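K.L.:
Coordinates for the following, if possible.
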Amino acid sequence: MIEDISNHNQTNQPSPAVHRTAGPWTWILGAGVLILGSVAIYEGSRTDALRKELATAQRDNAAAQASLTSSYEELQKNVASLKDDLAQEREQSGKDLARTQSLATRHADQIVAKLEQKHSQNEQQLSAELNEVKASTDETSSRLNGISNDVGDVKTNVGAVRQDVASVRGDTDKNAADLKRALGDMGVMSGLIATNSADIKVLRALGERNIYEFTLTRNAGMQKVGDIQVALDRSDAKHSRFTVHILADDKRVEKKDRTINEPVQFYVPSKTKQPYELVVNEVSKSTVKGYLATPKVTISRNEPPASN
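P.N.:
Numbering: from 1, shown residues only. This is a model prediction of the structure:
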């Protein structure tokens, strides 16, 4: 028994050679384990760092997306505001255009109305003058008929006188046909205009207006013509133009650069509602010749003068 145990101990006890061979591998394995542990620790710390960087990147990405979303919404708001401003500007422009068109149309209508009113006034003025001529002719005819009734026994002589008057009237009417009407410098249709001394005689014979002939000298001051005063300021024989100053109703009026045979019109409110007409037939270096035609119908003293 003792021998078996001894053999057993000898068998289980490692030999010195085996013990010496296992020592270096143990250190190698230990070093390998240490190295693997270090690598594992390094990789673990690296992995944690990468995870943190990933988390940081995700947070930055989320912040960038949020900022982008906010910028996009702000852009949308700005675009919507710009559209609203553009729509308001278009609406305001349309209103301004409509207002301008309305004002232009109203102004044009006012001008047309004024022109029509002026035309109507000219027609009324011409009609009134024609009525005056007719009334004057009827009055002359009535006077001739009265003379015929008064003379009685001298009908033959009166008949001869009538024939003479008719002849004179026929000549006057024939000569009057040569007279013309013209638009005066105040835009009013004038009466018949005489262009020479023969026409002035015919115009006086018609009896429609009072006729005052005149000769004005330059630098002679005011000269009385009819119930007004006139001064010649300038005469241009080459171009048949002249400038005069007219004094009527204590008012002085300048008529500048007028031409021969042009009706120079002006009002004398205290005398009549119709215009006076001054017509120059001749222009020389220092004088002008012509006539003044005034209405025969005057304003009553009790009637207030018309205001210009």
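K.L.:
Quick one: distance of the strand or helix carrying residue 42 to the chain centre.
P.N.:
Per DSSP states H and E, residue 42 falls inside helix 16-151. Distance of helix 16-151 from the chain centroid (C-alpha atoms, centre = their mean, to the nearest Å) equals 31 Å.
K.L.:
what packs against it?
P.N.:
helix 155-176, strand 189-193 (3 or more C-beta pairs under 8 Å, 6 or more residues apart in numbering; DSSP states H and E). All C-beta spots, glycine's among them, are computed from the backbone N, C-alpha and C.
K.L.:
tilt between the last one and helix 16-151?
P.N.:
Going back to what we said before, that points to strand 189-193. Orientation of strand 189-193 against helix 16-151 (axes from the mean of the first three to the mean of the last three C-alpha atoms, to 10 degrees) gives an angle of 40 degrees.
K.L.:
Alpha carbons of the next helix or strand after strand 189-193, as CSV, please.
P.N.:
As assigned by DSSP H and E, the chain's next helix or strand after strand 189-193 is helix 197-206. The C-alpha coordinates for helix 197-206 follow below in CSV (Å, rounded to 0.1, in the frame of the first residue of the first chain):
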residue,chain,number,x,y,z
SER,A,197,-65.9,155.8,-96.2
ALA,A,198,-68.7,154.7,-98.7
ASP,A,199,-69.5,151.8,-96.5
ILE,A,200,-69.6,154.1,-93.5
LYS,A,201,-72.3,156.2,-95.2
VAL,A,202,-74.3,153.1,-96.0
LEU,A,203,-74.0,152.0,-92.4
ARG,A,204,-75.1,155.4,-91.1
ALA,A,205,-78.0,155.3,-93.5
LEU,A,206,-79.2,152.0,-92.2
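K.L.:
Looking at helix 197-206 now, give me its mean pLDDT.
P.N.:
For helix 197-206, the mean per-residue pLDDT is 92.
K.L.:
looking at it, residue 118 is touching residue 188, isn't it?
P.N.:
No - the criterion here is C-beta atoms under 8 Å, and residue 118 misses it with residue 188 at 9.4 Å.
K.L.:
Just want to know which of those two has more residues nearby.
P.N.:
Using other C-beta atoms under 10 Å, the more surrounded residue of residue 118 and residue 188 is residue 188, with 18 against 12.
K.L.:
Local confidence estimate at that one?
P.N.:
The model reports residue 188 with a pLDDT of 76.
K.L.:
And it, how far from residue 48?
P.N.:
Separation of residue 188 from residue 48 (C-beta to C-beta, to the nearest Å): 112 Å.
K.L.:
what do you get for residue 113?
P.N.:
Counting by C-beta to C-beta, the separation of residue 113 from residue 48 is 97 Å.
K.L.:
ok, now residue 253?
P.N.:
In this structure, residue 253 and residue 48 are 112 Å apart, going by C-beta to C-beta.
K.L.:
cool, residue 85 as well?
P.N.:
For residue 85, the distance to residue 48 - C-beta to C-beta - is 55 Å.
K.L.:
With residue 210 instead?
P.N.:
Residue 210 sits at a distance of 129 Å from residue 48 (criterion: C-beta to C-beta).
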